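Engineer: Using only what follows, build the 3D model:
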Amino acid sequence: MSDWQHQAEDIKLRLEQIGLAAKKGTVPDILVDEVKDAVDFCRTSLWAAQVSASQAHGTDAATLLVEARLHRLAQMSSGIVEDVTVGRLSPKTRGAIECLNQLRDAVTALEGMLGEEKGPSWRKD
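Structural biologist: Residues are numbered from 1 along each chain as shown. Predicted coordinates for the structure are as follows:
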């Protein structure tokens, strides 16, 4: 594993720890703002580098954005499934119905777009 990979794993672990502490309410507000600013700066810089690299390989920024959204949606969906499974999300959770409606719309749109291409094995079942 390269030095960059080690650093990335360390950063990810530290951010997860900060996130857990923030959920518990043990992170001072000023630190939350500082961390958010640092993460935003890093994400923006990484995005710019990724766009530059993708354009050098013929991928436009709009395609890269769509791919990033799909990746993030898959991550968030997995998190929602976990939240439901362990009981952190309930029918009374604010935003649950809106989320369900948006997910239904997304599924309908994706199924329509994939059409015949999805084939018999498009589900992960």
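Engineer: When you work out contacts or count neighbours from here on, use the C-alpha atoms and nothing else.
Structural biologist: Noted.
Engineer: and residue 49, what does it touch?
Structural biologist: By CA atoms under 8 Å, 6 or more residues apart in numbering, the contact list for residue 49 is empty.
Engineer: Can you check which helix is longest in this structure?
Structural biologist: helix 29-56 (DSSP state H).
Engineer: State the pLDDT value of residue 73.
Structural biologist: Predicted confidence (pLDDT) at residue 73: the value is 91.
Engineer: State the next helix or strand along the chain beyond the helix or strand hosting it.
Structural biologist: Residue 73 is located in helix 61-86, with elements delineated by DSSP states H and E. As assigned by DSSP H and E, the chain's next helix or strand after helix 61-86 is helix 96-114.
Engineer: Only the buried residues of stretch 45-64, if you could.
Structural biologist: By neighbour count, and taking 16 or more other CA atoms under 10 Å as the criterion, the buried residues in stretch 45-64 are 47, 51, 61, 64.
Engineer: check contacts around the nearest residue to the second one once chain neighbours are set aside.
Structural biologist: Sequence neighbours aside, residue 61 is the residue nearest to residue 51 in space, at 5.7 Å (criterion: CA to CA, 6 or more residues apart in numbering). Contacts were defined as CA under 8 Å, 6+ apart; by that measure residue 61 touches 51, 54, 55.
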